[in-house]
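[1] quick one, fold the following:
(chains A and B)
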Amino acid sequence: MFDTRTKARSLAFLYAAGALTCMLTVLLPHASSVEERSVLLLGACSLVLAVVILRLAGHVPDAIVHVALAAVTVMLSLLVHYTQHSTLYALTYTWPALYAFYFFSTPAALGHLAFVGAAYATVLSIDHTMDATIRLVLVLGTPLVVGLLISRLLGVMRAGIDRSARQEAALRSSERRTRLIVDSAHDGFISTDAQGRVLDINAAAERLLGRSRSDALGRPFQELGIPPEVQARFMQRRRDLLKAAREGGTRHLALRVTINRPDGTQLRGETMIWIVERDGELLFNARLTDIGDRLREERKRERLVRSEAARAEAERAAATIGRLQAVADAALMQRDLDELGPTILARTREVLDAEAAALLLIQDDGSLSIISSDPVVAQNRPERVAADAGIAGRVLATERPVLLHDPPACELADASILDAGISSMLGVPLIAHEQIIGVIEVGVRAPRRLGPEDIDLLRLTADRVALAIEHVRAYGREHRIAETLQRSLLPQTLPSLPGVALAGRYLPAASEAEVGGDWYDAIGLTGGRVLLVMGDVSGKGLAAASTLGALRSAIRAYALEGHGPAQIADRLNQFVLAEPTREHMATLVLAVFDPVDAELSYVNAGHPPPLTLTAEGAPHFLDGARSVPLGVLPFPAYEEETVTLEPGGALVLYTDGLVERRAEHFDLGFDRLARAAADGPLESEALCDRLLRAALPSGATGDDVALLALCHVPLGSRLALDLPSEPSALRSLRALLRRWLAQVDAADVDVHAIVMACSEACTNAIEHAGAAADATIAFEAVLRDGEVDVTVRDRGHWRAGRPPSDQGRGLELIDALMDDVQLDTTPGGTILRLRRRLVESVHV
Amino acid sequence: MNVDGATLASAQHGHHVIVSVCGEIDVFNAARLMALVEEAVPTEAHGAVLDLTGVGFLDSTAIRKLFALTSRLNERRQPVHVVTPGGSTVLRTLELVEFARAAPMHDSLEEALAQLV
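    Numbering: from 1, shown residues only, chains lettered A, B, ... in the order given. Sure, this is the predicted structure:
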């Protein structure tokens, strides 16, 4: 019922009273037996304890209060003992008991009473100034009587206190509730008396009026922020209302008010004032509503409507971007940055309705190259600008869009923009793979100003532009690599061999397609023979080109090992199959041509058939030796076929690009090829040109085309060839020479002598031709009137005057083998002429 | 063993070694080929038979190396018998330089082996 604070304070009072009693005992007349010092000490202790308890009041638990009360009892006992006024004891001892019964529950109070009694009894038993009967009566009677009286008294008191406490609590909670309701109301409530003085306001009113309750209470209503110029009118309206109410008329008044808050802000509100009667007095109640909220809501709605409109606008913009996207998609088909730039800029200008646009890309050296810009400002514009100049420089530095109005000339990398009347400029970074690759800029003429929505639009544009540029660059890189690779895999020059005239063509596909896998090759073999290769690796791009390179090298290696076409094809098949990716297959024609006897051995691995032409130009496709492409079967067993080319005839190898046209039957292409081949002179270069013209009148097509033509030039009575300046070429020379001599019906003894002499002569020429890698030896053998004349030319100088021992035997041999030997040393080199009369050929 | 367009094979025949060469021998491969022939003849062999039946051509370098080889083996008291079939290019070449003075020459391998002691 009582809080600890009250209990503690009362207890402190008790101690203070005890202390006072002690002082009075000493001050007033008293018996000499009184121990004054002890009593004073006791009083001081009481006083100190009283102060301590007063300080601690409210912080101590009940248990401490109990202990303190018990301590009071002990102290009183000591006081009685020291003063020896045992007759006053009864009165003294009632204090703690009274306290206990007042403040504690009955069991606790009885406990204290018992303790008091015990203490009392103890003191009495020690003090022997009274007789036993009186002491017994006092010991038993005093606490009993006192206790009963006190409990009776307290019972009555407590009942009264309880009741009033309950009423008060109920009242408080009701008030709280009301207050809570009023305070939590959204509207402000202000209650004033008849004079308009504020009696109360709620929390909402505090907020709305911008002043605290304590500040508002007692003020006249009109001083709560109603602007001075309308105060008079406001008061008039209120007086009118009061008058009307007294006369039994209307009791309500609705007003729209503006409240100036103390902090300077304004409240736009509506107030409803009504009159209530309480205890015969008329009071004003006012409800204040913030219509500013409502106005704000209305504005919010308006904004929403506007944002809807903005969304519609954004959708229109999206459509614009969609157009741009379509352009970007189209741009993805572009392979060339120079073509892409103007397209992109034209579209960007359209999208942003801008007069000028420029695209600046960061170069390897860090500068910005202007890839393309609008005609308005294109003139006099530098091709490159420093990366820290102008708007672009600022965009690069901040990595954010930069919007500039009326820029001073010094801010610009190129002041000619100003001359063009551009007054508002915007630059946005181009970002690809999280890296800035450049800047796109737009500019408009006054009075237009670019704004935030333009930034967003240009950003979206920039995303697509960056994507397109990146695509073009990536494509360009791969395309260049693949094309370079493929070009490098085609022979730079075709071998120059006696008896054959070779010409080759390669036409890459038109720009929108990838690099293809067509290739051709011609490899000189021993004995003057030549291996022709015409192939087509499936697939496109870099992968196809690298497979092609591997095949090319493999063919050269197999050919040098001396394998024939079928053996090479078998090995290549294994080679292709062994490729780890096994993605590619290849079609291929391998043909070995021997110019001496015009024999052609070929194998066809799934490739269009080779075309042969007679010396008169009659075409014929070689349909034999056909088998599957390389890389499809483990053991396809390629078999070669040998045909004889007519002397002076031709052979044409090609890839399907030459005969295939879209929406056309295959045969038509072959017919066209055959007709074109027959229609003109059999000269390899002319033949190639003619065939390409006929098959591809408009140049490149979707597929790449490779073409190789071989025209047979019968050796006849003359054999001429350029010999590379290396010993390995000698074997080939000897083989060719033997075959030629056999063709001109030379006898064995002549063949032996001429071959040996020529070999020696060429050996010397090689040894003296110098170290130059490109040095060649011109060899010519002519049969004339039963004599063979051989000429060997080199660029070196024979040491004819003093032939070293090494060459001595060589020259001796030549002398021994040939009828005539002439050595001419000229500034340009050495010419050795050999002559031998053939033995009479015996034709039986 | 393949040496730049020529092949070389050797076989033991009693105390002799038979070395057969096929292909063409010229400035390009003569030195290496003859060195290999010499290696094929161990010091304990009594002699060697060099079978040139499969050789289609000898140039002056090859001839010089052949002379050098036979003289070195002769110094080691390992006589060399050379086999060149009658009418062959090689025989014609070797006759031209009178190679028979340096080493005995035979028409066939059998004839050469029969001559061995």
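[2] biggest helix in chain B, by residue count?
    Ranked by residue count and defined by DSSP state H, the top helix of chain B is helix B:60-75.
[3] now check that one, is it near chain A?
    Yes: using Cβ under 8 Å from any Cβ of the partner chain, helix B:60-75 comes into contact with chain A via B:60-61, B:63-64. From N, CA and C alone the C-beta is placed, and that goes for glycine too.
[4] chain A: which of these is nearest?
    Taking Cβ to the nearest Cβ as the measure, chain A sits nearest to B:Ser60 out of the residues of helix B:60-75 next to chain A, at 4.1 Å.
[5] please name the nearest non-neighbouring residue to that closest one.
    Spatial nearest neighbour of B:Ser60, excluding adjacent residues (Cβ to Cβ, 6 or more residues apart in numbering or on different chains): A:Gly810 at 4.1 Å.
[6] where does chain B have low pLDDT?
    Counting by pLDDT under 70, chain B shows low-confidence ranges at B:117.
[7] for chain A, what's its nearest residue on it.
    Taking Cβ to the nearest Cβ, chain B has B:Phe28 as its residue nearest chain A, at 3.7 Å.
[8] so what's the nearest residue to A:Ile422 once chain neighbours are set aside bridging to?
    Distance criterion Cβ to Cβ, 6+ apart; nearest residue to A:Ile422, sequence neighbours excluded, is A:Gly443 at 3.7 Å. For A:Gly443, the beta-bridge partners are A:Ala356, A:Met425 (DSSP bridges).
[9] swap in A:Gln266?
    With DSSP bridges as the rule, A:Gln266 is bridged to A:Asn260.
[10] distance of it from A:Val257?
    Plainly put, A:Gln266 is 10 Å away from A:Val257 if you go by Cβ to Cβ, to the nearest Å.
[11] show me what contacts A:Ala720?
    A:498, A:778-781 (Cβ atoms under 8 Å, 6 or more residues apart in numbering or on different chains).
[12] looking at the residues you listed, spot the one nearest A:Leu171.
    When those are ranked by distance to A:Leu171 (Cβ to Cβ), A:Pro498 comes first, at 132.9 Å.
[13] what about that closest one, is that helix, strand or coil?
    Using DSSP: H, G, I helix; E, B strand; the rest coil, the structure places A:Pro498 in coil.
[14] how many other residues sit next to it?
    20 (other Cβ atoms under 10 Å in any protein chain shown).
[15] pLDDT value on it, please?
    Note on A:Pro498: pLDDT of 81.
[16] and the spatially most central residue of chain B, how far is that from A:Thr826?
    Residue closest to the average C-alpha location in chain B (Cα atoms, centre = their mean): B:Leu50, at 3.2 Å. B:Leu50 sits at a distance of 43 Å from A:Thr826 (criterion: Cβ to Cβ).
[17] same deal with A:Glu355?
    A:Glu355 is 74 Å from A:Thr826, by Cβ to Cβ.
[18] and if you look at A:Leu622?
    47 Å.
[19] of those two, who's got more company?
    Neighbours were counted for A:Leu622 and for A:Thr826 using other Cβ under 10 Å; A:Leu622 has more, 19 against 10.
[20] who are the contact partners of the more buried one?
    A:602, A:604, A:609-612, A:641, A:643.
[21] now do A:Ala165: how many residues are near it, please.
    Neighbours of A:Ala165 (other Cβ under 10 Å): 11.
[22] A:Arg213 now?
    Neighbour tally, A:Arg213, other Cβ under 10 Å: 15.
[23] and chain B, which residues reach chain A?
    Residues of chain B lying near chain A (Cβ under 8 Å from any Cβ): B:4-5, B:24, B:26-28, B:57, B:59-61, B:63-64, B:87, B:89, B:92-93, B:96-97.
[24] quick one: low-confidence parts of the stretch 401-550 of chain A?
    In the stretch 401-550 of chain A, residues with pLDDT under 70: A:409-418, A:482, A:510-515.
[25] which residues of the stretch 701-844 of chain A fall in strands?
    A:705-712, A:718-724, A:776-784, A:787-794, A:820-826, A:829-837 (DSSP state E, counting those that start in this stretch).
[26] now, of these, which is deepest in the fold?
    strand A:705-712 (a mean of 26; mean count of other Cβ atoms under 10 Å in any protein chain shown).
[27] what lines up beside the longest strand anywhere in chain B in the sheet?
    When chain B is parsed with DSSP state E, its longest strand is strand B:47-58. Strand pairing for strand B:47-58, using DSSP bridges, gives strand B:16-25 (parallel), strand B:80-83 (parallel).
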